[in-house]
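> Below is the structure, and that's it, no one-letter string:
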């Protein structure tokens, strides 16, 4: 009886398999379901803002959509995550979330549910470290990062802030690039393990001291992460700059202050050919040739005399640039490898600013606040890199319960930079801003000074966050 039962079971299984095969042959392989159209239902923001003793930090969550969005905010540090908090970001408003910034490695992880929001940070120094760092958070983690924003010149410290909010460890290598030395690949920067749900800070001065230009690349062999640089200077204050996930052939870098007081930093992270290498080097291994154009309210001109500038692979170089009050450096690679770039500007008082800008224009943006207190001089710059005029509508996203949204518009000629009227910005307080261009895609940047002129002035630059097409208001 047992043998007969097993035989009947085998025949039944065979019949089911045969029937499935016939059905599959008739119907064909089942196609995967097409992605559903509509707004994002969830997302993440990674904010490697860093900090220091007695520092204060705020992460702004800005919702340009028509429905409320839930968010979970988790603080990360070198010892692991703190307790998470949940907030609701109302439609057409922002929520400021105070987060820990008491350590160089301090970071914040944001998860959103039910819609799309933008996220950006502002960190304020303390204990004799005057200034602020302001930046958008990273919309995704990556397996590679590059940055041109670091400097370890006299009186300046730079920290590489790396965060891993996931449940698996991340293993990575860091390479440093200078003007005159071969790429630095120290054993302490090789196979670095960052445990899950933690962040860390690496002081770059310990590996390359006295470098006015210091580039870096991060390559992961396991996991994913986000990275930024936090610069603390005796004379230039604080600047926090998010790294890029890859080099680019074009960089659009805006700034608002410092005639003759800016530097453009360019890094080519490609590895040059080894001595005696038999293979023919690729164009990228031989370096890059690029041009920089200064765009402002006036006619475009070469920026810092940079026309058909050649730079070797595996190097970092700074170029002095005479910027005007509201201007942009439009860097375009003509030949060779893609580059990483950053613009460092001495602001007012004791604080400067830095930005890696944007690599492409977009039709709509969110710019999170760059102000930390009163008195303040908020600024918002718009670059039109196209060939026809752009009309840009600007709408404020006030903090929840702090009044209604306000709207204005500006017209930006082709190839020029325009500022949003001071009267409008003064009237909206500390608010995020939504920009929508009717016509040419544009680039947006927040640039503000805060806290007066008696030695306490701080200066913040923060690039805008492009709004995904499906989320455009």
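Thanks, I have it. No experiment lies behind these values; they were computed from the predicted model shown. Residues are numbered from 1 along each chain as shown.
> Residue ranges in the stretch 351-473 of the chain under the pLDDT threshold?
In the predicted model, the stretch 351-473 of the chain carries pLDDT under 70 at residues 453-456, 470-473.
> make it 50
Residues of the stretch 351-473 of the chain meeting the criterion pLDDT under 50: 455.
> Could you pull up the contacting residues of residue 370?
With contacts taken as C-beta atoms under 8 Å, 6 or more residues apart in numbering, residue 370 has the following neighbours: 122, 132, 134, 378, 379, 446, 447, 448, 460, 461, 462. For every residue, glycine as well, the C-beta is placed using N, CA and C.
> The second one - how many residues pack around it?
So the one you mean is residue 132. Under the neighbour criterion other C-beta atoms under 10 Å, residue 132 is assigned a count of 32.
> if I look at it, how far off is residue 177?
Distance check for residue 132 against residue 177: by C-beta to C-beta, to the nearest Å, it reads 27 Å.
> do the third one as well
Residue 134 is 26 Å from residue 177, where distance means C-beta to C-beta.
> Could I have the buried ones of the contacts of residue 370 as PyMOL selection syntax?
Provided next is the PyMOL selection string for whichever of the contacts of residue 370 are buried by 16 or more other C-beta atoms under 10 Å:
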select buried, resi 122+132+134+378+379+446+447+448+460+461+462
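> Among the contacts of residue 370, which one sits closest to residue 265?
Of all these, the one sitting nearest residue 265 is residue 461; the distance, using C-beta to C-beta, is 14.2 Å.
> I'd say that closest one and residue 447 touch.
Yes. Counting by C-beta atoms under 8 Å, residue 461 touches residue 447, with 5.2 Å between them.
> Overlap of the contact sets of the two?
254, 255, 256, 353, 370.
> who wins for neighbours among those residues?
Neighbours here are counted as other C-beta under 10 Å. On that basis the top member of the shared contacts of residue 461 and residue 447 is residue 353, with 35 neighbours.
> Any chance of the backbone angles for the closest residue to residue 331 other than its chain neighbours?
When the adjacent residues along the chain are set aside, residue 331 lies closest to residue 251, with 4.4 Å between them (C-beta to C-beta, 6 or more residues apart in numbering). The phi and psi values for residue 251, taken as degrees, to the nearest 10, are phi -130, psi 130.
> residue ranges for the strands of the stretch 101-250 of the chain, please.
107-113, 118-124, 132-136, 144-150, 156-164, 170-177, 192-194, 198-203, 214-222, 226-233, 237-242, 250-255 (DSSP state E, counting those that start in this stretch).
> just so I know, which of the ones you listed lies nearest residue 286?
Residue 286 lies closest to strand 170-177 among the strands of the stretch 101-250 of the chain, at 15.6 Å (C-beta to C-beta).
> just checking, what packs against the closest one?
The elements that strand 170-177 packs onto, with contact taken as 3 or more C-beta pairs under 8 Å, 6 or more residues apart in numbering; DSSP states H and E, are strand 156-164, strand 192-194, strand 214-222.
> what comes up buried for the shortest one?
Across strand 192-194, burial judged by 16+ other C-beta under 10 Å covers 192, 194.
> Now do it: which elements does it pack against?
Using 3+ C-beta pairs under 8 Å, 6+ apart, the elements in contact with strand 192-194 are strand 170-177.
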